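Enquirer: Please find the sequence and the predicted model below.
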Amino acid sequence: MILAACALHGMAGAAQQPAAPAPAPASSLQVLHWWTSPSERKAANVLAARLAAEGVQWQDAAIPGGAGIGAGKVLKGRVLAGDAPEVTQIIGVSVAEWGEMGLLLELDNAAAADNWNSFLFPTVRNLIEYRKHTLAAPLGIHRVNTLFYNRALFARLKLAPPGTWNEFEAAAQRLLALGVQPLAQSSEPWQVATLFENLVLAESGPAFYRELFVRRSPQAAADPRTARALQRLRTVKGWARGAPAERPWTEVVRRFARGEAGMMIMGDWAKAELNEHGMTQGGDYGCAGAPGSSQYHLYSVDTLSMFAGDYSHVQAQEKMARLLLAPSTQADFNVLKGGVPVRRDADPARMDSCARASWTLFGKGAAVQAPSMVHRMAVDEASRDAIIAEVHRYFIDDRAPVAVAQRRLAALFRLFNLTSQGAPGAQNTDRGR
């Protein structure tokens, strides 16, 4: 990781020689992000329109791919080539990793001018700061442990939304008897791992969740609670009578919207996409905390960072950062994106019941919060990718014993902990504090 950081820093610096192309006008900012679904595009267009009204052009550089996997690869390649965008979607622990390389613009002036510290949730503030500098502008908070259920199907079967694992299993059996798939699910690696982290949180609560995914404790990997979460992951797969197809998350949402599944566990960004399919929250579908985790908030926070470059875009970049935190921008963006504002003083009247529940619960602080491993809130990029791959390996191979999966995770954690001492952001990865 350190060698990669040095290579990035060196090559980025080399790109700033006289022979490099002249920078774009300061009134234009290229924005690299992974908001490519219909609902995400609408949310991004709101930001672009607000920026245009301030005399700054949003040059779109959207990269497809769930969970930002494709965008992350493109960003690294562009930085290595000396072609970093002025603005980019960097979230969670990755903010500190990029900050360590000295490539990000410090947004301290914008944060001080509008006193961000006075209204940001503490967890959000910790995510965007590194070495006492503000390195990102936060946009919204997503609740990853959201259960969506088809209200017509549940009414037909006289089912209440399941609040426990036993109720979840009972509802699944009723739906199977009706010939309906219980849970809309993909075997795409990041989606499988998202379901797993939901099951871990439901089984254990935030404190153990942090031991497993933030501190990467080998003892936690070997714990019976991890074993039960792994077994339940396999049980859910059994409801599909074999591994589900590897579908993008938008297709999973579409199948749920068509009534092909009775439930779906996904981040609340799915709510905005369901609206695109003509479904209404509280009418066609309901939402609640995923079974066993209704009192917890498994979170992901959308943030945009700015590359410093030759500092010719600073005025436009700072203007954009301040605009992103404006109350009206926060409200309008998150209504379309499915998340909730990062501001503690946001107006709950602008939120639907699902959003109000998320925003209120997040406001209770670290005791109820758990940082999503899959969505870069808990660990560095390399650790995240390795954990996702290990969970996916277990999910696909029905012959793999639970105990073997636990041993493999424990071995990974021991390796991570040996190599992470002194790594960028290592002192600030427990983001709920």
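Expert: Yep, it's here. Numbering: from 1, shown residues only.
Enquirer: Partner strands of the longest strand seen in the chain and their direction?
Expert: The longest strand of the chain (DSSP state E) is strand 297-306. Strand 297-306 has the following strand partners under DSSP bridges: strand 87-89 (antiparallel), strand 137-143 (antiparallel), strand 369-371 (parallel).
Enquirer: Buried deepest among the ones you listed, which one?
Expert: Stretch with highest mean neighbour count among the strands paired with strand 297-306: strand 369-371 (a mean of 28; mean count of other CB atoms under 10 Å). C-betas here are computed from N, CA, C, even on glycine.
Enquirer: so where do the strands sit in the protein?
Expert: Counting by DSSP E, the strands of the chain are 28-33, 57-62, 87-89, 129-130, 133-134, 137-143, 146-150, 181-184, 261-266, 285-289, 297-306, 369-371.
Enquirer: coming back round to it: figure out which of the strands paired with strand 297-306 is closest to G339.
Expert: strand 137-143 (3.5 Å; CB to CB).
Enquirer: as a whole number, average confidence for that closest one?
Expert: The average pLDDT within strand 137-143 is 98.
Enquirer: outside of that strand, which residues touch it?
Expert: 107, 110, 120-121, 124, 127-128, 267-269, 289, 297-305, 320-321, 324-325, 330, 333-334, 337-342, 358-359, 361-362, 375 (CB atoms under 8 Å, 6 or more residues apart in numbering).
Enquirer: Inside helices: which ones of the residues you listed?
Expert: Within these, residues falling in helices by DSSP state H are 110, 124, 127-128, 269, 320-321, 324, 330, 333-334, 337, 358-359, 361-362.
Enquirer: For P371, give me its contacts.
Expert: G92, R210, F213, V214, L298, Y299, M377, A378, R431, G432.
Enquirer: what's the most distant pair in those?
Expert: By the measure CB to CB, G92 and R210 form the most distant pair in the contacts of P371, at 14.2 Å.
Enquirer: between the two, who's got more neighbours?
Expert: The neighbour comparison of G92 against R210 (other CB atoms under 10 Å) goes to G92, with 28 against 24.
Enquirer: From Y299, how far out is that one?
Expert: Going from G92 to Y299 by CB to CB, to the nearest Å gives 10 Å.
Enquirer: Kindly report the same for D310.
Expert: 35 Å.
Enquirer: neighbour count winner among the two?
Expert: Counted by other CB under 10 Å, D310 and Y299 do not tie: Y299 has more neighbours, with 30 against 10.
Enquirer: show me the contacts for that one.
Expert: Y299 makes contacts with T123, I141, H142, R143, V144, F362, Q369, A370, P371, S372, M377, as judged by CB under 8 Å, 6+ apart.
Enquirer: what do you get for G278?
Expert: Counting by CB under 8 Å, 6+ apart, G278 makes contact with A257, D284.
Enquirer: In terms of pLDDT, where does it sit?
Expert: G278 carries a pLDDT value of 96.
Enquirer: Please tell me how far it sits from A367.
Expert: Going from G278 to A367 by CB to CB gives 38 Å.
Enquirer: Hmm, S305 is touching V87, no?
Expert: Yes: the criterion here is CB atoms under 8 Å, and S305 meets it with V87 at 7.4 Å.
Enquirer: which residues are contacting stretch 315-326?
Expert: By CB under 8 Å, 6+ apart, stretch 315-326 touches 26-29, 47, 50-51, 54, 56, 86-87, 105, 107, 109-111, 113-114, 116, 137-139, 304, 306, 329-330, 342-343.
Enquirer: Only whichever of those residues are buried, select them in ChimeraX.
Expert: Burial among those is assessed by 16 or more other CB atoms under 10 Å; the matching ChimeraX selection reads:
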select :29,47,50,51,56,86,87,105,107,110,111,116,137,138,139,304,306,329,330,342,343
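Enquirer: Let me have the strands paired with strand 297-306 in a markdown table, extended by distance to A160.
Expert: As requested, the strands paired with strand 297-306 are exported to a markdown table (distance: least, CB to CB, whole Å):
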| stretch | distance to A160 |
| --- | --- |
| strand 87-89 | 38 |
| strand 137-143 | 20 |
| strand 369-371 | 25 |
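Enquirer: Tell me which of the ones you listed lies nearest to L176.
Expert: Closest approach to L176 among the strands paired with strand 297-306 is made by strand 137-143 (27.2 Å; CB to CB).
Enquirer: With just CA atoms, put that closest one into PDB.
Expert: Output of strand 137-143 as PDB, limited to C-alpha atoms (Å, rounded to 0.1, in the frame of the first residue of the first chain):
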ATOM      1  CA  ALA A 137     -17.900  17.500   1.300                       C
ATOM      2  CA  PRO A 138     -20.600  15.100   2.700                       C
ATOM      3  CA  LEU A 139     -23.800  14.800   0.800                       C
ATOM      4  CA  GLY A 140     -26.100  12.200   2.400                       C
ATOM      5  CA  ILE A 141     -26.300   9.200   4.700                       C
ATOM      6  CA  HIS A 142     -27.600   5.800   3.600                       C
ATOM      7  CA  ARG A 143     -29.000   3.100   5.800                       C
END
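Enquirer: Tabulate the contacts of P371 (CSV), appending distance to P224.
Expert: Shown next, in CSV, are the contacts of P371 (distance: CB to CB, whole Å):
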residue, distance to P224
G92, 29
R210, 17
F213, 17
V214, 20
L298, 21
Y299, 26
M377, 25
A378, 21
R431, 27
G432, 24
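Enquirer: from those, which single one is nearest R407?
Expert: Taking the contacts of P371 together and measuring to R407 by CB to CB, the closest member is F213, at 17.3 Å.
Enquirer: can you pull the contacts of the closest one?
Expert: Applying CB under 8 Å, 6+ apart to F213 gives the contacts E197, V200, A370, P371, M373, A378, V379, I387.
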